[in-house]
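Asks: Here is the input, now give the coordinates:
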Amino acid sequence: MAVSTANAAELTAEQVQSILVQPLEQASVFLAAGPRIFDTDGSPVRVPKLGGATSPDWKGENELIADDDVTFDEITLLPSTIKSVKTLTRFSNELARQSVVSLEAAIKDRLVRDVAAKLDAAFIAGTGDGGTTPLGILNYVGTQEVAAVGTIGLDALLDAWGQALAGGVNMASLKWMLRPETFVALRKIKQGTGSNQYVLTPDPTTDGVFRLFGSPVIITNRIPVDTGTTQAVLADFSQIAVARDQAPTVKILDQTFGDYDQQAIRVTARYDAAPLNVEAIVKLTGITV
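Replies: Below is the predicted model of the structure:
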């Protein structure tokens, strides 16, 4: 019997397709939600804001008009303590030449995605780390809150909506931010016991954007779960400021590791974020998962 490809397959050259299968990943959501982005040269950014309201009063003819000073405040972004997100990957020139895909492009794409994910996690749930990383929206101080929600329901959403309206929000910029299971629990609510009709039904005339009480819904797994509970956010993102020193920037290092006959790709980024009006952000806490 002659040796053939059937009984000696390990000796044949296999066909390798020049594509790279990537895992399904969550896209960055915070910057896409519409915060106000200020590009900087790396120095701290001060955003002035008006303080408390004055007290105009009704006065009659020849009555003394009392002095009433206007107060000012400011928000500081990108202090010198804020660190950058950085990553670097080295690869040999042999691998670059022999790869069946564009190795440089594949690694660059991977690193940019990872940096964006790191930033997004910080913008949503970051603790600030003593002023060295951005503080997440879930940890802003002074926001409004619907506490101890328990099993999520439409009444809790309406409570949050009412608080947002009282905070002077721009309705066009108001967005929900929910975990997938929180949104699915809301979608499962039916019109009554034994009913097969859901309260929230998709609109066949829209392009697939999820909405709750007219506001778009952002679905993200980056809202953490802690001891069986999670949170949700209703926020006017136009009243959140983002200072951008450096968007994810790629640098090809083709000489730095020349003594190893290697190249490297480095990606760096530096951002900070803070609320301009904390009352335009409502947190729903204690949601049962």
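
Asks: For the rest of this, base every contact and every neighbour count on C-alpha atoms.
Replies: Will do.

Asks: Helices of the stretch 1-150 of the chain, residue ranges please.
Replies: Along the stretch 1-150 of the chain, the stretches classed as helices by DSSP state H, counting those that start in this stretch are 93-98, 103-125.

Asks: for whichever strand or helix holds D159, packing partners?
Replies: Taking DSSP states H and E as the definition, one finds D159 inside helix 154-166. Packed against helix 154-166, as judged by 3 or more Cα pairs under 8 Å, 6 or more residues apart in numbering; DSSP states H and E, are the following elements: strand 144-146, strand 229-236, strand 281-288.

Asks: and after it, which helix or strand comes next?
Replies: Using DSSP H and E, the helix or strand that directly follows helix 154-166 along the chain is strand 174-178.

Asks: where's T89 relative to D109, distance?
Replies: For T89, the distance to D109 under the criterion Cα to Cα, to the nearest Å works out to 12 Å.

Asks: where do the strands sit along the stretch 1-150 of the chain?
Replies: Taking DSSP state E, counting those that start in this stretch as the criterion, the stretch 1-150 of the chain contains strands spanning 36-39, 45-50, 72-77, 85-92, 144-146.

Asks: can you put those strands in a markdown table and add mean neighbour count?
Replies: A markdown table is the format used below for the strands of the stretch 1-150 of the chain (neighbours: other Cα atoms under 10 Å):
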| stretch | mean neighbour count |
| --- | --- |
| strand 36-39 | 16 |
| strand 45-50 | 14 |
| strand 72-77 | 14 |
| strand 85-92 | 15 |
| strand 144-146 | 19 |
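
Asks: mind checking the SS state of T256?
Replies: Three-state assignment for T256 (DSSP: H, G, I helix; E, B strand; the rest coil): coil.

Asks: What is the burial count for it?
Replies: Here the number of neighbours of T256 (other Cα atoms under 10 Å) works out to 12.

Asks: what's the answer for the one 3 residues further on, then?
Replies: Here the count is done by other Cα under 10 Å, and D259 has 7 residues near it.

Asks: again with K251
Replies: 12.

Asks: ok now the helix or strand containing it, how far from the chain's centre?
Replies: Using DSSP H and E, K251 falls within strand 240-253. The chain centre lies 15 Å from the centre of strand 240-253; the measure is Cα atoms, centre = their mean, to the nearest Å.

Asks: what does stretch 56-68 give?
Replies: The chain centre lies 48 Å from the centre of stretch 56-68; the measure is Cα atoms, centre = their mean.

Asks: And it, end to end?
Replies: Using Cα to Cα, the end-to-end distance of stretch 56-68 comes to 8 Å.

Asks: quick revisit: out of the helices and strands packed on helix 154-166, deepest packed?
Replies: Most buried of those, by mean neighbour count (mean count of other Cα atoms under 10 Å): strand 229-236, with a mean of 24.

Asks: Output that strand in CSV with nothing but the alpha carbons.
Replies: What follows is strand 229-236 as a C-alpha-only set of coordinates in CSV (Å, rounded to 0.1, in the frame of the first residue of the first chain):
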residue,chain,number,x,y,z
THR,A,229,-26.2,43.0,44.3
THR,A,230,-25.3,45.4,41.6
GLN,A,231,-26.0,49.0,40.5
ALA,A,232,-27.4,50.9,37.6
VAL,A,233,-27.1,54.5,36.5
LEU,A,234,-29.3,57.2,34.9
ALA,A,235,-27.1,60.1,33.9
ASP,A,236,-27.0,63.2,31.7
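
Asks: coming back round to it: quick one: list the elements packing against the strand holding K251.
Replies: On the basis of 3+ Cα pairs under 8 Å, 6+ apart, strand 240-253 makes packing contacts with strand 36-39, helix 103-125, strand 262-275.

Asks: Put together a markdown table for the ones you listed, with mean pLDDT and distance to L165 on each row.
Replies: Listed next are those as a markdown table, based on pLDDT from 0 to 100; distance: least, Cα to Cα, whole Å:
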| stretch | mean pLDDT | distance to L165 |
| --- | --- | --- |
| strand 36-39 | 93 | 20 |
| helix 103-125 | 93 | 22 |
| strand 262-275 | 95 | 17 |
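
Asks: where among the strands of the stretch 1-150 of the chain is the average confidence lowest?
Replies: Mean pLDDT is lowest for strand 45-50 out of the strands of the stretch 1-150 of the chain, coming in at a mean of 85.
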